[in-house]
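# no FASTA, just this:
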């Protein structure tokens, strides 16, 4: 291996032909060989080699260092190699003629990775070397590179979490801060001077970059190296300099025309604001004395921003400046809603925060609460009514108001525009962040904010304002209307929405001015919030209005009207009966929207709305089944539609079937193919499988049987079940619900087809799953026993291997989880209940070779501490050597676990099953008689009424074949038919007859008389 060969390999990995894969494989194998990283550094240092290859070499070098440098058992690098790499990397960084800037940046990050492990103990001169590069180099490029490298070193050191490392970083931070703070001060002073002078700022670009990286270094040092900000004079002065300098820079920013310099200035402001924001977030209680100046600064930022100022439009709307303003808004949110300033009033159970204004009032009336009270009072006094008025009005007129870009998106891509309104990020985007700040101000300063918002609403609805409406006024009106929705919870008892709606909004909804479409959309949006406040006598008028706007040709307005209608239908006071006359028109208008929609997400949302209608109206949608089926067929489009649409079709179809609540025979032609498609398409399983399984289940719940020819596709479809289970247990719960429907409907006929494969699948799963899935496995085994009429030995033969595996897990104690063991024992209780002879035959056929006879098992008397491995000392015994010992040990564990069984169903199974054993003439039963009687009497009093848990149709639908079979099995189940008050005594009599009265009395001589009196009625003693 030499440099030339490696260069050729790296070159091959950049090609687009078939040789690339082989070259990538070879390079990957080389990364595990010693010496390869040396060659990579040689390649990067050779400027005659192509830049792309050099970039690739340094990326590979970085990956090798990242993966191996920190490993304590590392034999990849010798000590000599580690020293050589550290020296060579610094030499490569000190190259003023380097043209591969991306590679240099990567190497700077590599130094940070190395420093995290080696600095300062094994690399004591690192910081000195880097500072020398910064101070003494005449190359601006080298200076910038040294600052980037120091930034990476500081970042890595700040991430170390051991106490000794934290203590070192605190000291290190003090050194770094003292060194760079004066550089930063001189830099910000020089930056302001340059902006005042104007001229060609591009020639100072390197200076702007350097002062930016100095700010980044200080930000990390202050955030992680200091904690008591307000008691640190140097930090307080630093923050004061930020509060003084940044506003000056932002005012001078209007003079900048060079986009590159504008970008650097915005980033400089952003990183310095981030220093303040992160410091408050990191240590809010030591930031309290700094709250007032920081709030003044950020509120000033918010009030300064004006996107409508045409003289500032070019720099006011840049992406980086928007980020700066979003920071300012987020800081105000962060302080107002800070949990640390809630004090003792924060509810620890609900984490519900009280308003700052009420907290300040409470703390002011009681004893002083130290710094927290100071914080509350500072925030409350700062946000007085005058300032709130300015801030709320600024939010409405400058932030919440619709802008030119939104108008353009509305016209050009209306469906995308609607989606953007629904999914915007409140952390990184300005308008959503302003939404949240407005809501928080309304909540924390309720009384003043409500008064201000009401006055704004009165202003934009006054005759004076509306006498001559310009486009700007209409936009402002729309933004003011938005506040009624954002502040809904605070305004609901103040604003008479129904009066405003009927007297003002209805007229504006019918305004023919094209500009009023934003008002119409906003009013319809408001209905979604205020639907619960609409009086009964106005509801019919509102419904007619919403249906009218569903016909609007502007899809944005139509979709907003649909959202409002959905909210109306979803409201808890919604009356299906009174809405019945509008149901047909509603469905037709919703389906019409599909024809004009071209966006997949919109179609998915429309289907979600249909699903809500299905859930509300249930069987009432039956007359429109044909229309709905045609829609599903069109949207499915033979499986050619986008996955998001197909997934929505599957979900909506499921709700449709639930609503109809009848045999879905009329839909088989579409239903079966789309279920089969959704559960069998490998590439789309991530989108369709879960919804497909749900639709499959809903279908199975409603089909009357599996015996008709038209239902045979469902039988064939079950083959997919095994594939799904084999691939993942992620959908285990719904899969086993589907299995249960097949067992109930198909019963013996189904088991004849799939019984063997099903038993094999269950066998593979048992023992490899946690307690959350064990219950569904055991329920499936129980169902197999239940669905066969007159259970015989053949039933247990079908699942015999599964039962053998469960028995082995119990006896060998490979399963120690108590909840899992209880489930395992319940299947044996079920067999004892249904056919006790099969229980003994199962033990007779159990292959003893499944147990390690030379192995050991834990004494069952310690099973209650099964999860405490340290408690098992002295409890180890040998495995059972014969069937008698096997039987004895099984019941020892079984009886111990009875007390841990909480389910009434399981406890009654135990009681009935053990009672049945008394009547079986087997020698293994005799030694257990006293324990059996004691156990049954002990649990009999704790058994409550058995309820029918398998409810597939909770409305009592008698058409469902699954529910009919489930009810039949429940009615015939011994859990339902057996009366335990007399059952035990009957079996005791049979036991006495089988073993003889004398032997029986001997067997129960150790049973406590009080237990015998409960087991055997006194009159029969």
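It's in. Note that the structure is predicted; figures quoted are calculated from it, not measured.

# average pLDDT for the helix or strand hosting residue 886?
Using DSSP states H and E, residue 886 falls within helix 883-898. For helix 883-898, the mean per-residue pLDDT is 89.

# chain center to that helix, what's the gap?
Taking CA atoms, centre = their mean, to the nearest Å, one finds the center of helix 883-898 at 44 Å from the center of the full chain.

# swap in stretch 629-639?
Distance of stretch 629-639 from the chain centroid (CA atoms, centre = their mean) equals 31 Å.

# tell me which residues of it are tucked away?
Buried residues in stretch 629-639, counted by 16 or more other CB atoms under 10 Å: 629, 631-632, 635-636. (Each C-beta comes from the backbone N, C-alpha and C, glycine too.)

# I'd like the residues you listed laid out as a markdown table, including pLDDT.
Listed next are the buried residues of stretch 629-639 as a markdown table, based on pLDDT from 0 to 100:
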| residue | pLDDT |
| --- | --- |
| 629 | 94 |
| 631 | 95 |
| 632 | 95 |
| 635 | 93 |
| 636 | 92 |
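
# which among the residues you listed gets closest to residue 328?
For the buried residues of stretch 629-639, the residue nearest residue 328 by CB to CB is residue 635; the value is 45.1 Å.

# Hmm, that closest one is touching residue 603, no?
Yes - at 6.7 Å, residue 635 counts as touching residue 603 under the criterion of CB atoms under 8 Å.

# Mutual contacts of these two, please.
Listed as contacting both residue 635 and residue 603 by CB atoms under 8 Å, 6 or more residues apart in numbering are 594, 645.

# Model confidence score at residue 363, please.
Looking at residue 363, the pLDDT reads 61.

# Same question for residue 843.
According to the prediction, residue 843 has pLDDT 90.

# which residues does it contact?
Residue 843 makes contact with 883, 886-887, 890, 924, according to CB under 8 Å, 6+ apart.

# Throw the residues you listed into a markdown table and include distance to residue 622 and neighbour count, thanks.
Output for the contacts of residue 843, formatted as a markdown table (distance: CB to CB, whole Å; neighbours: other CB atoms under 10 Å):
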| residue | distance to residue 622 | neighbour count |
| --- | --- | --- |
| 883 | 61 | 15 |
| 886 | 59 | 19 |
| 887 | 58 | 21 |
| 890 | 55 | 20 |
| 924 | 60 | 17 |
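
# In the stretch 301-450 of the chain, where is pLDDT below threshold?
Low-confidence segments of the stretch 301-450 of the chain (pLDDT under 70): 309-317, 343-352, 362-369, 423-424.

# Now with 80, please.
Across the stretch 301-450 of the chain, the ranges flagged by pLDDT under 80 are 308-317, 343-370, 422-426.

# how about the helices in it?
Secondary structure of the stretch 301-450 of the chain by DSSP state H, counting those that start in this stretch: the helices cover 313-316, 319-336, 356-365, 370-382, 385-394, 404-412, 414-423, 430-444, 446-460.

# try the stretch 851-1000 of the chain
Counting by DSSP H, counting those that start in this stretch, residue ranges of the helices within the stretch 851-1000 of the chain are 883-898, 904-918, 929-940, 961-972, 974-977, 980-995, 997-1003.

# Mind listing residues that contact the helix holding residue 886?
Identification of contacts with helix 883-898 by CB under 8 Å, 6+ apart yields 807, 810-811, 818, 821-822, 825, 828, 843-844, 846, 848, 851, 857, 860-861, 863-864, 880, 907, 910, 924, 927-928, 931, 935, 938-939.
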